[in-house]
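I need the structure of the sequence given here:
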Amino acid sequence: MTPTDPAATDRSRPRTGPARPALLRTINDEVALRLLLERGPSSRSDVVRLTGVSKPTGSQMFARLELAGLVRPVGVTRGKPGRTALLYEINPDAGLAAAIDVTPVNIHAQVANLAGAVIGEHELARPSRTAGSGPANALDTLDRALEAAGRRRSEVTCLVVAATGSYDAAADLLRYARHLHGWHNAGLVRALQPADGVPVVIENDVNLAAVAERRAGAARDLADFFLFWVGDGIGGALMLEDRLRRGATGGAGEVAFLQPPGAAVVHNPARGGSGGLQRWTDGSELADLARAHGLRGKDAAALVAAAVASGAPSSGQFLDALALRYALGLSAVIAVLDPGAIVLAGPVLAAGGEQLRGRIGRHLDDLAVASPRLVCGTVQG
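A predicted model of the protein is given here:
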C-alpha cells in the first residue's frame with residue numbers, strides 16, 4: 001500500500017537499498033499509523049486487510065506500536081456479526097506538533113496532539129520590527145501557545161514555520177520577504193531550533209496550502225497540479241508526482257514576478273519585492289480597474305465578492321477583465337510546467353468562486369497552449 005499523504009511522499013532522499021526486515025517493519029508500522037490517522041479507530045483485522053500483511057505480521061505490528069506508546073486500545077466493535085474485536089486508535093499524547101504562521105501583521109502559533117486536535121494557540125499582533133527579532137517573536141508566541149496547552153517545548157516533536165516568502169534551505173535564508181520585518185538574517189533554522197533539538201521546518205505558506213489541498217481538499221485525487229493563490233499577495237505552488245517542487249533557491253511558484261503582456265515592466269523585482277503580475281492584479285491597479293467598472297474599494301477580496309453579488313453587467317465586465325489578467329499569468333505557467341490541473345485558492349479567488357473560475361477557464365482556452373482541469377480550492381483557514 002502506498003501512502004497518499006504528500007508530506008509522506010515528499011522525500012528529499014528516497015529510501016534505497018535492499019528491503020531488510022527492519023526496514024520492512026518500519027514501513028509496515030508507518031502505513032498502519034497513517035491508516036489509523038485517516039480512518040480513526042480500527043481493528044487489527046481491518047488494518048491487516050487494508051495493508052495486505054499476514055495476520056501474524058499484523059499482530060507483531062500492533063505489539064510494537066502499543067509498546068512504543070503510539071497506539072492504544074479504545075473499545076470493541078459493536079453491532080457487527082461474529083466475535084467482537086478490539087479497536088485501536090492513535091495515542092494523541094504520543095507527540096506534539098507545533099505550527100507558526102508568520103505574516104507582516106501577526107504571528108500565530110498552534111499546538112496539536114498526534115490526533116490532529118489543536119490543544120493550545122496564541123496570536124502575537126504587531127510583532128517588533130527590529131533586525132533579527134522574527135525568530136524570537138515566533139518562539140515567544142510558541143511558548144505562550146504551549147502554556148495554554150499546559151505543555152513544554154521539550155514535548156514538541158516537530159515545529160513547522162509558514163512564511164510569506166521562499167525559504168532557501170542551502171542558505172538557511174528567507175527570500176522575497178522584505179515585508180516580514182526581522183526575518184532577513186541567515187541562520188533561521190539555527191535561530192528557531194529549540195535547545196533540545198526539535199526538528200524545525202520552514203516552508204512557504206502557499207506550498208503548505210498545496211499540501212493541505214492534496215491531503216484534504218480539492219486535490220485529493222491529483223498527484224500533479226499547480227496551486228494558484230491570490231490573497232494579500234499572489235503566489236503559486238507546484239506538486240509533481242506527489243512531491244512539492246521548490247526550485248534551486250526555494251522560489252519555484254513565485255508567479256508574482258511574472259511579466260505578462262499589458263502589465264507595467266518592473267525592474268529589479270527581487271530588490272523591490274514585487275513583480276509585474278502582482279502589481280497588475282493588486283493594490284492601486286486593481287482599484288483602478290474596479291473603479292472603471294463602477295466599483296469602489298481597495299480590498300481585493302471585498303471588491304470581487306461585491307462584483308459577484310451585484311450581477312450587474314459592469315460587475316461581470318470587471319470580473320472578466322480581472323480573469324484575463326490571471327489567465328495571462330497562468331498561460332505562462334501552463335507553457336512551462338504543463339500541470340495536470342490548476343487549483344484556485346486564497347481569499348480573492350474564493351470570493352470569486354465559480355463565476356471567476358469559469359471566466360479564467362474561458363480565457364485559458366483561448367490563450368494557453370493546453371487547457372488543464374481548473375478547480376476551486378476547498379481548504380479554509
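
quick one: the strands in the stretch 201-350 of the chain?
Secondary structure of the stretch 201-350 of the chain, counting by DSSP state E, counting those that start in this stretch: strands at 225-230, 234-240, 243-245, 341-345.

partners of the shortest one in the sheet?
For strand 243-245, the paired strands and their directions (DSSP bridges) are strand 234-240 (antiparallel).

any idea how far the partner strand is from the chain center?
Per C-alpha atoms, centre = their mean, to the nearest Å, the displacement of strand 234-240 from the mean C-alpha position of its chain is 10 Å.

then stretch 289-300?
Here the centre of stretch 289-300 is set off from its chain's centre by 30 Å, with C-alpha atoms, centre = their mean.

can I get it as PDB, trimmed to CA atoms?
C-alpha atoms of stretch 289-300 as PDB (Å, rounded to 0.1, in the frame of the first residue of the first chain):
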ATOM      1  CA  LEU A 289      -9.700  48.500 -12.800                       C
ATOM      2  CA  ALA A 290     -12.700  48.300 -10.300                       C
ATOM      3  CA  ARG A 291     -13.400  52.000 -10.500                       C
ATOM      4  CA  ALA A 292     -13.500  51.900 -14.300                       C
ATOM      5  CA  HIS A 293     -16.400  49.400 -13.900                       C
ATOM      6  CA  GLY A 294     -18.300  51.400 -11.200                       C
ATOM      7  CA  LEU A 295     -16.900  49.600  -8.100                       C
ATOM      8  CA  ARG A 296     -15.100  51.200  -5.200                       C
ATOM      9  CA  GLY A 297     -12.700  49.900  -2.600                       C
ATOM     10  CA  LYS A 298      -9.100  48.700  -2.100                       C
ATOM     11  CA  ASP A 299      -9.600  45.300  -0.600                       C
ATOM     12  CA  ALA A 300      -9.400  42.800  -3.500                       C
END
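
so which of the strands of the stretch 201-350 of the chain comes closest to V266?
strand 234-240 (12.9 Å; C-beta to C-beta). Quick note: C-beta positions are derived from backbone N, CA and C, even for glycine.

quick one, that closest one and strand 225-230 angle?
Counting by axes from the mean of the first three to the mean of the last three C-alpha atoms, to 10 degrees, strand 234-240 lies at 170 degrees to strand 225-230.

how about strand 234-240: buried residues?
I234, G235, G236, A237, L238, M239 (16 or more other C-beta atoms under 10 Å).

low-confidence stretches in the stretch 151-300 of the chain?
For the stretch 151-300 of the chain, residues meeting the criterion pLDDT under 70 lie at 194-196.

what is the end-to-end distance of stretch 46-57?
One end of stretch 46-57 sits 13 Å from the other (C-alpha to C-alpha, to the nearest Å).

thanks a lot, see you next time.
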